[in-house]
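S.K.: Here you go, sequence then predicted model.
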Amino acid sequence: MPSVRNPQLNRHGELIHLLSLDQLPREIVTHILDTATNFVSVNDREVKKVPLLRGKSVFNLFFENSTRTRTTFDIAAKRLSADVFTLDIGRSSTSKGETLLDTVDNLSAMAADIFVVRHSQSGAPYLIAQHVAPHVHVVNAGDGRHSHPTQGLLDMYTIRHYKKDFSSLAVAIVGDVLHSRVARSDIHALKVLGCPDVRVVGPRTLVPGDFAAMGARVFHDLEEGIRDADVVIMLRLQNERMSGALLPSSQEYFKTFGLTPQRLRAARPDAIVMHPGPINRGVEIDSAVADGPQAVILSQVGFGIAVRMAVMAIVAGNEA
Ligand code: CP
């Protein structure tokens with residue numbers, strides 16, 4: 001049977017689009033994290049710019065709301081010296097019925113080099129990557145419940161920063177795993193980086209048993225699921241992706257699965273607490289934890305700039 005080529009890689013196995021962490025080899029994931037390490041120091045300089053994308057045009061297409069991802073992609077592209085254009089989707093001709101690919105064609109005619117795409121439909125960035133000219137690169141900024149690869153990478157960067165070595169870590173991902181593109185990207189990345197103990201934790205309606213097929217251990221009790229964990233990644237309830245009543249109420253959810261200081265004691269004393277944001281205080285996480293000494297949530301945001309710089313610099317440096 002002929003093998004299906006990974007659309008993210010060119011024929012030399014180099015990254016030309018970032019669409020998903022699924023099927024990305026360890027060497028590429030590590031290369032992105034190592035490149036990001038170099039860019040962290042750029043962010044500490046007085047003049048926070050390098051000329052790597054000078055003359056290139058980056059178009060941000062966010063068909064779903066965003067605070068962290070959109071802003072850090074914008075900053076990252078500017079720090080790489082690119083020209084950056086962020087389409088205001090609400091005021092764009094999408095509202096007049098223009099299709100996604102027609103929008104992409106028109107922006108391509110304005111000499112786009114990189115499209116950064118967030119969309120509610122899983123697979124939208126793949127569609128664009130298959131459609132654009134060979135010199136154009138596509139970076140997925142979150143598609144439906146499928147994938148959020150740069151969030152997965154910045155989460156790995158954060159874990160590596162605080163814990164150094166993945167080979168002995170226990171990482172618990174807690175909450176609405178079912179609807180979470182972050183959870184899927186994190187699980188893929190943790191497995192490829194050699195993390196031996198990946199757990200998913202939450203109510204049965206939000207953490208179905210089939211996550212075991214991805215190599216994660218499944219728990220339906222919070223304290224059992226985070227016991228002796230080195231890293232606890234909390235997820236928000238993604239009400240916008242829930243079609244039915246999967247939970248009694250957010251208050252009931254907090255009583256059972258909300259991370260409080262008392263419950264966090266089940267994890268290792270030096271465990272870090274992560275969250276992709278936005279956080280919902282008093283729903284999945286208590287403020288005393290979110291603002292407490294073990295939380296590294298705002299560090300994640302800061303590392304996101306360097307990781308997104310690395311991704312754009314790498315894809316732009318490779319030819320189809
Ligand atoms: N983590 C994340 O994707 O946050 P935003 O939706 O604010 O971009």
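M.R.: Now that the structure is in, tell me what you want to look at.
S.K.: And the residue of the stretch 201-320 of the chain closest to the ligand?
M.R.: Pro276 (3.7 Å; Cβ to the nearest ligand atom). Bear in mind the C-beta positions are built from the backbone N, C-alpha and C, glycine included.
S.K.: show me what contacts that residue?
M.R.: Arg68, His148, Gln151, Asp155, Val182, Ile233, Leu235, Arg236, Gln300 (Cβ atoms under 8 Å, 6 or more residues apart in numbering).
S.K.: Okay, and which of those map to strands?
M.R.: In strands, defined here by DSSP state E, the members of the contacts of Pro276 are Ile233.
S.K.: Contacting the ligand as well, which ones from the contacts of Pro276?
M.R.: Arg68, Gln151 (Cβ under 6 Å from any ligand atom).
S.K.: Kindly supply the PyMOL command isolating those of the contacts of Pro276 that are buried.
M.R.: Command for PyMOL, covering only those of the contacts of Pro276 found buried under the criterion 16 or more other Cβ atoms under 10 Å:
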select buried, resi 148+151+155+182+233+235+236+300
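S.K.: any idea which of the contacts of Pro276 is least confident?
M.R.: The lowest pLDDT within those belongs to Arg236, with 95.
S.K.: Please report the number of neighbouring residues for the closest residue to that residue other than its chain neighbours.
M.R.: Nearest residue to Arg236, sequence neighbours excluded (Cβ to Cβ, 6 or more residues apart in numbering): Asn280, at 5.2 Å. A count of neighbours around Asn280, defined by other Cβ atoms under 10 Å, yields 19.
S.K.: Asn280 touches Met234, doesn't it?
M.R.: No. Counting by Cβ atoms under 8 Å, Asn280 stays clear of Met234, with 9.7 Å between them.
S.K.: if I pick Val104, what's in contact with it?
M.R.: By Cβ under 8 Å, 6+ apart, the contact list for Val104 reads Leu61, Phe115, Ile128, His131, Val132.
S.K.: quick one, phi psi at the last one?
M.R.: I take that to be Val132. Phi and psi for Val132, reported as degrees, to the nearest 10, are phi -70, psi 170.
S.K.: got it, and the first one?
M.R.: The phi/psi pair for Leu61 (degrees, to the nearest 10) reads phi -120, psi 100.
S.K.: low pLDDT regions in the stretch 101-250 of the chain?
M.R.: By pLDDT under 70, the low-scoring segments of the stretch 101-250 of the chain are 243-245.
S.K.: Near the ligand, which residues of it? Just list them.
M.R.: Gly142, Gln151.
S.K.: Against Arg145, how distant is the one residue in the stretch 101-250 of the chain that gets nearest to the ligand?
M.R.: In the stretch 101-250 of the chain, the residue that lies nearest the ligand is Gln151 (5.2 Å; Cβ to the nearest ligand atom). Here the criterion is Cβ to Cβ, to the nearest Å. By it, Gln151 lies 13 Å from Arg145.
S.K.: so what sits against both of the two?
M.R.: By Cβ under 8 Å, 6+ apart, the residues touching both Gln151 and Arg145 are Arg181.
S.K.: Name the residues of the helix or strand Lys255 falls within that are buried.
M.R.: Assigned by DSSP states H and E, Lys255 falls within helix 250-257. The neighbour-count check on helix 250-257 (16+ other Cβ under 10 Å) flags Tyr253, Phe254, Phe257 as buried.
S.K.: Helix, strand, or coil at Gly225?
M.R.: When classified by DSSP: H, G, I helix; E, B strand; the rest coil, Gly225 comes out as helix.
S.K.: can I assume it is in contact with Val171?
M.R.: No. Assessed by Cβ under 8 Å, Gly225 is found out of contact with Val171, at 11.0 Å.
S.K.: Which one's more surrounded, these two?
M.R.: Counting neighbours by other Cβ under 10 Å for Gly225 and for Val171 shows that Val171 has the greater number, 27 against 23.
S.K.: can you confirm the more buried one is in a strand?
M.R.: Yes. Counting by three-state DSSP, one finds Val171 located in a strand.
S.K.: Do a quick rundown of the strands in the stretch 151-300 of the chain.
M.R.: Applying DSSP state E, counting those that start in this stretch to the stretch 151-300 of the chain gives strands spanning 170-174, 197-201, 217-219, 231-234, 272-274.
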